[in-house]
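J.: sequence and predicted model, in that order:
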Amino acid sequence: MSNANDRRMQGRVAFVTGGLRGIGLAIVERYVAEGASVVISDLDKPDSNIASEVIERLGDHASYIAANVTGEDDWKRASDMVRERHGKLHILVNNAGTDLTGPVESLSLPDWRRIMGINVDGVFLGTREFVPLLAESGKEVRGGSSIINISSIMGLVGYAETSAYNASKGAVRLFTKAIAIEFATKKMPIRANSIHPGFVVTPLMQAGFQRWVDKGFAERPEDLMETMAATTPVGRLADPSELAGAAFFLAGDDSSYMTGAEVVVDGGWTAQ
Ligand SMILES: NC(=O)c1ccc[n+]([C@@H]2O[C@H](COP(=O)([O-])OP(=O)(O)OC[C@H]3O[C@@H](n4cnc5c(N)ncnc54)[C@H](O)[C@@H]3O)[C@@H](O)[C@H]2O)c1
């Protein structure tokens, strides 16, 4: 935990989707450590073990709402809660997401739509719901409020048997650029940028490795981790906290002139 003098997010309010695990949780922890008030949303019930543990551990600076990013009514409940509790919002992190792999000819339309619903509709709905509050709150912040959309290296380049995920994350990348230009040209005090993680050790990635093991492509998840690490120039996978650094930078005054940008955090994977 940083000391009071370097809590650079004091007075800022953030909303982070999918904030109970993985990259989202690491972002929440960093923001709270920097003095921000953070509202976390995720699918788990408020009295679930994980939600209770996270809120208890993070103290008064964190609160939780169970909300599905695909649901318009859930977003309305979430914005009502933020308005009631804080009356402002400076940072929206659209992080919740999921994956889908398999040969394109084997993908079902319901599975395709599920991925698009979470990864793309979720980002659109969250942005639409919070734009008025972000615009109001952005007047008091250098560079304006900040929308941070978590895309992927898979939103930058194609990858075999990953077409639905590639398409969804590519959509997040360009949606982010479009709203960035829209807000800037209308002089609305909101910036929007995307983060493109490489391979990060999270429950999502571990579940993906397990599926490959179940299909017989490897004996142990650890073998797949080693293979992924070997294809990454720095020779290792990322810890979620290494993504939180980029999300901290994009949330704050140091990135006040950045909008419509893509921040790649991938250990050199796309530089090859
Ligand atoms: N882990 C990686 O290697 C990696 C790489 C690139 C991009 N990403 C992206 O980063 C983001 C976070 O991934 P992660 O690896 O931390 O995943 P994770 O599964 O570990 O955590 C994601 C969280 O989002 C929540 N969530 C899922 N669907 C939701 C929904 N419909 N509504 C609300 N919450 C929902 C989950 O419950 C979970 O707590 C995702 O958008 C993912 O696509 C991850």
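T.: Good, I have the coordinates. Residues are numbered from 1 along each chain as shown.

J.: so how far is stretch 154-170 off the chain centroid?
T.: What separates the centre of stretch 154-170 from the centre of its chain is 17 Å, taken as Cα atoms, centre = their mean, to the nearest Å.

J.: cool, stretch 216-228 as well?
T.: Distance, centroid of stretch 216-228 to centroid of chain: 26 Å (Cα atoms, centre = their mean).

J.: is the ligand contacted by it?
T.: No: counting by Cβ under 6 Å from any ligand atom, no contacts exist between stretch 216-228 and the ligand, the nearest distance being 8.8 Å. Glycine gets a C-beta too; all of them are placed from N, C-alpha and C.

J.: got the buried residues for that stretch?
T.: For stretch 216-228, burial by neighbour count (16 or more other Cβ atoms under 10 Å) applies to 218, 221, 224-225, 228.

J.: kindly report the same for stretch 264-272.
T.: Neighbour-count burial for stretch 264-272 [16+ other Cβ under 10 Å]: 264-267, 269.

J.: now those residues as CSV including distance to the ligand, pLDDT and secondary structure?
T.: Converted to CSV, the buried residues of stretch 264-272 look like this (distance: Cβ to the nearest ligand atom, whole Å; pLDDT from 0 to 100; DSSP: H, G, I helix; E, B strand; the rest coil):
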residue, distance to the ligand, pLDDT, secondary structure
264, 11, 98, strand
265, 9, 98, strand
266, 8, 98, coil
267, 11, 98, coil
269, 10, 98, helix
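
J.: circling back to that earlier point, so which of the buried residues of stretch 216-228 is the closest to residue 246?
T.: Proximity of the buried residues of stretch 216-228 to residue 246 was ranked by Cβ to Cβ; the top entry is residue 228 with 19.8 Å.

J.: what's the first helix or strand after the host helix or strand of residue 27?
T.: Residue 27 belongs to helix 22-33 when assigned by DSSP states H and E. Later in the chain than helix 22-33, the nearest helix or strand by DSSP H and E is strand 37-42.

J.: can you name every helix or strand that that following strand contacts?
T.: Secondary structure elements in contact with strand 37-42, counted by 3 or more Cβ pairs under 8 Å, 6 or more residues apart in numbering; DSSP states H and E, are strand 13-17, helix 22-33, helix 49-58, strand 62-66, helix 72-85.

J.: now for residue 241: which residues touch it?
T.: Counting by Cβ atoms under 8 Å, 6 or more residues apart in numbering, residue 241 makes contact with 26, 29-30.
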